[in-house]
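Peer 1: Give the three-dimensional model of this entry:
(one chain, ligands or ions: 1)
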Amino acid sequence: MLLRRHSDKVDVLKKVPLFSGLSRRHLDHIAREADEVKEEADTILVRQGGLGREFLLILEGGARVEKDGQTIARLGPGDFFGEMSLIDGMPRSASVIAESPTVLLVIEARSFQNLLDTVPGLQKKILVTLSARLRAADARLASIN
Ligand code: CMP
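Peer 2: Numbering: from 1, shown residues only. Sure, this is the predicted structure:
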């Protein structure tokens with residue numbers, strides 16, 4: 001964990017679009033559930049086919065999403081990943097690999113479920129991102145067919 005003080009963590013969370021507009025009470029709640037972790041470049045953050053144990057959000061750095069060895073998306077600060085397996089219970093749909101030293105917020109599956117149920121607007125924001133990713137995937141498919 002990089003940020004030891006709870007108030008520092010809350011300050012970081014305030015700037016994350018996924019958590020924008022939340023009350024101090026909800027930010028406190030998220031800060032208690034989230035660990036901050038730093039990973040080196042080339043670390044496999046999530047492995048395709050693996051079991052989903054956590055939800056992750058990039059605070060600094062970047063990562064690529066790889067499916068069957070092909071890069072399908074790039075993620076940067078403010079982007080999250082790992083939500084799909086936690087929502088549907090299926091294996092990880094892709095690998096996510098750090099492309100530079102990367103600072104992440106990591107939330108365990110059970111805490112993520114709890115936040116989904118209690119943090120206002122969180123489900124909707126995640127749905128909006130899922131829709132955008134589906135649109136981008138459809139556009140990519142259409143361009144190669
Ligand atoms: P999950 O399946 O749990 O683990 C791999 C993650 O990669 C997945 O959740 C999404 O968060 C992310 N992911 C999968 N496909 C895409 C995509 N097309 N664009 C962006 N992110 C993706």
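Peer 1: what does this protein put close to the ligand?
Peer 2: The chain has residues 46, 52, 65, 72-73, 81-85, 92-94, 96, 133, 137 near the ligand, with proximity defined as CB under 6 Å from any ligand atom. No exception for glycine: its C-beta is placed from N, CA and C like everyone else's.
Peer 1: Tell me the one of these nearest residue 27?
Peer 2: Taking CB to CB as the measure, residue 27 lies nearest residue 83 of the residues of the chain next to the ligand, at 19.3 Å.
Peer 1: count of neighbours near that closest one?
Peer 2: Residue 83 is flanked by 18 other residues according to other CB atoms under 10 Å.
Peer 1: Contact partners for it?
Peer 2: Residue 83 makes contact with 55, 112, 126, 130, according to CB atoms under 8 Å, 6 or more residues apart in numbering.
Peer 1: Grab the two from the residues you listed that are most spread out in space.
Peer 2: Largest pairwise distance in the contacts of residue 83, by CB to CB, is 14.5 Å, between 112 and 130.
Peer 1: Looking at the two, which is more packed in?
Peer 2: Neighbours per residue (other CB under 10 Å) separate residue 112 from residue 130, with residue 112 holding more: 24 against 13.
Peer 1: packing partners for the helix or strand hosting that one?
Peer 2: Assignment of secondary structure by DSSP states H and E places residue 112 within helix 109-118. Where contact means 3 or more CB pairs under 8 Å, 6 or more residues apart in numbering; DSSP states H and E, helix 109-118 is packed against helix 24-33, strand 54-60, helix 83-88, helix 122-144.
Peer 1: Quick check: can you name the pairing partners of the second one and their directions?
Peer 2: Within its sheet, strand 54-60 is paired with strand 80-81 (antiparallel), strand 102-108 (antiparallel), according to DSSP bridges.
Peer 1: Rebuild these as CSV, extending it with mean neighbour count.
Peer 2: Formatted as CSV, the strands paired with strand 54-60 follow (neighbours: other CB atoms under 10 Å):
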stretch, mean neighbour count
strand 80-81, 21
strand 102-108, 22
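Peer 1: in this structure, which residue is closest to the centre?
Peer 2: By CA atoms, centre = their mean, the chain has its centre lying nearest to residue 80, at 2.2 Å.
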